[in-house]
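Asks: Following is a predicted model, sequence given first.
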Amino acid sequence: MSKIKILVVEDESIVAKDIQNTLIRLGYDVPATASNALSAYQKLEDIQPDLVFLDIKLKGEIDGIQIAEKIKNSYDIPVIFLTSFVDKATLDRAKVTEPYGYIVKPFNESDLQTTVEMALYKFEKDKETKYSKERYENALLNLDEAIFILDINFDITFLNPKAENLAGYGNDSAMGKDLFSLIKIESETGEPVSKELFTERIKNDKISDLKNANATFPHDQSTMKSDITFSPVRDEKDVLIGYALVLRQPGKASSSEATAPIGEQMESIVIQNSFFVKKGSMLVKVFLENINWIQAMDNYVIIQ
């Protein structure tokens, strides 16, 4: 296994050499240091590091924060800031670049190792989350079903892109609106479908299917024939926290797993022995059985 390669950008040569020697002693590869932006940019290209130590208050026209911005925009590399005393305005600028850690000068060996390992760990997890988010978003974009996620009062908490197109609302504008203000549903025989009917139908059955229903969307008065699946959403204690409503064209196979009915597929949304961690606009599901430990660290919570 190759060593982690680190670039140190620090204009105080004694400090730079100290950090370099300490990191090498800890088992990392530190092939170069840089003292200014021009040198840093060149060495980023030359050595392609896995991580960058970067002094916030680098001397010169371009400071460490500006270099961090370029790294964030042009390279997929985590940055750890080196700091001494930093005023609030500078710190606010630094936070925007989303560094993976801070080392306060003077530092000790254990500070360096802990910060490096946590930064690399969090960076890998962020990459996994980004990949999962992209796959999740691509899957939602390509679903033929319209998915409406509701709270226990039948207010909208989520629409997938198909549902947004049909309802005439984006997720943000639909949030908190009553389902039946976005869609009117009638059974095949013309019977209006209400909250009460839906909740009555799932009292004994976990999932309720409504075939050949008429779904009308008030925003443009369009109507479409739909097979509708209505399912409860429960938390890890089996407490009802909302509902999932799925519409698809009658007779059309689900675009998800063909071997499972759409209602069973929606069970993947149910929070069974798990919880969600928010990452940007994405909710990442974490199963309790997969957790080895949880550690609180200032503004972070590390979940192994």
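Replies: Arrived safely, thanks for sending.
Asks: Centroid-wise, who is the farthest residue in the protein?
Replies: Distance to the chain centre peaks in the chain at residue 189, reaching 42.9 Å (criterion: C-alpha atoms, centre = their mean).
Asks: any low-confidence regions in the protein?
Replies: Residue ranges of the chain with pLDDT under 70: 1, 85-86, 132-143, 204-205, 236-237, 251-273, 278-284, 297-300.
Asks: Where do the helices of it begin and end?
Replies: 13-25, 37-47, 64-74, 88-96, 109-142, 161-167, 171-174, 179-182, 195-201, 262-265 (DSSP state H).
Asks: now for those, which one comes closest to residue 55?
Replies: In terms of C-beta to C-beta, the element of the helices of the chain nearest to residue 55 is helix 64-74, at 5.0 Å. Where you see a C-beta, it was placed from the backbone N, CA and C, and this is true even at glycine.
Asks: Would you mind pulling the contact partners of the closest one?
Replies: Contact partners of helix 64-74, identified using C-beta atoms under 8 Å, 6 or more residues apart in numbering, comprise 9, 37, 40-41, 44, 52, 54-58, 77, 79, 81-82, 90, 93-94, 96-99.
Asks: same check, this time on stretch 107-122
Replies: In contact with stretch 107-122 (C-beta under 8 Å, 6+ apart) are residues 4, 6, 19, 22-23, 25-26, 28, 50-51, 78, 80, 100-104, 297, 300, 302.
Asks: if you set the cut-off to 6 Å instead, what comes out?
Replies: Residues from elsewhere that reach stretch 107-122 (C-beta atoms under 6 Å, 6 or more residues apart in numbering): 22, 26, 78, 80, 100, 101, 103.
Asks: So among those residues, which ones count as buried?
Replies: Among these, the ones that count as buried by 16 or more other C-beta atoms under 10 Å are 22, 26, 78, 80, 100, 101, 103.
Asks: The third one contacts residue 49, doesn't it?
Replies: Spelled out, that is residue 78. No: using C-beta atoms under 6 Å, residue 78 is not in contact with residue 49; the gap is 9.7 Å.
Asks: For residue 215, see how far away the residue farthest from the centre of the chain is.
Replies: From residue 189 across to residue 215, the span is 15 Å (C-beta to C-beta, to the nearest Å).
Asks: Give the buried residues for stretch 183-195.
Replies: Those would be 183, 184, 185, 193, for stretch 183-195 by 16+ other C-beta under 10 Å.
Asks: Now for the first one: which residues touch it?
Replies: The contact partners of residue 183, by C-beta under 6 Å, 6+ apart, come to 215, 217.
Asks: mind running it again at 8 Å?
Replies: With contact set as C-beta under 8 Å, 6+ apart, residue 183 has these partners: 148, 166, 167, 215, 216, 217, 218.
Asks: how many other residues sit next to the second one?
Replies: One way to gauge burial is a neighbour count; for residue 166, by other C-beta atoms under 10 Å, it gives 21.
Asks: wait, what's in contact with the residue nearest to it when sequence neighbours are not counted?
Replies: Using C-beta to C-beta, 6 or more residues apart in numbering and skipping the chain neighbours, the partner closest in space to residue 166 is residue 146 (5.2 Å). By C-beta under 8 Å, 6+ apart, residue 146 lies in contact with 159, 160, 162, 163, 165, 166, 167, 246, 247, 248.
Asks: Return the member of these nearest to residue 277.
Replies: Checking these against residue 277 by C-beta to C-beta gives residue 160 as the nearest, at 20.5 Å.
Asks: Could you measure from the closest one over to residue 58?
Replies: According to C-beta to C-beta, residue 160 and residue 58 sit 46 Å apart.
Asks: quick one, which of those two is more surrounded?
Replies: Neighbour tally, residue 160 and residue 58, criterion other C-beta under 10 Å: the higher count belongs to residue 58, 23 against 19.
Asks: tell me, how many neighbours does the closest residue to that one other than its chain neighbours end up with?
Replies: Of all residues not flanking residue 58 in the chain, residue 64 sits nearest, at 4.3 Å (C-beta to C-beta, 6+ apart). Residues contacting residue 64 under the criterion other C-beta under 10 Å number 30.
Asks: So what's the residue count around residue 163?
Replies: Neighbourhood size, residue 163 [other C-beta under 10 Å]: 25.
Asks: For it, give me its contacts.
Replies: 146, 147, 148, 247.
Asks: nearest to residue 241, of the helices of the chain?
Replies: helix 195-201 (14.0 Å).
Asks: then that closest one to CSV, C-alphas only?
Replies: Extracted in CSV, the C-alpha atoms of helix 195-201 (Å, rounded to 0.1, in the frame of the first residue of the first chain):
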residue,chain,number,x,y,z
LYS,A,195,-57.3,11.1,3.6
GLU,A,196,-59.9,9.1,5.6
LEU,A,197,-60.3,6.5,2.8
PHE,A,198,-56.5,6.0,2.5
THR,A,199,-56.0,5.7,6.3
GLU,A,200,-58.9,3.3,6.6
ARG,A,201,-57.6,1.1,3.8
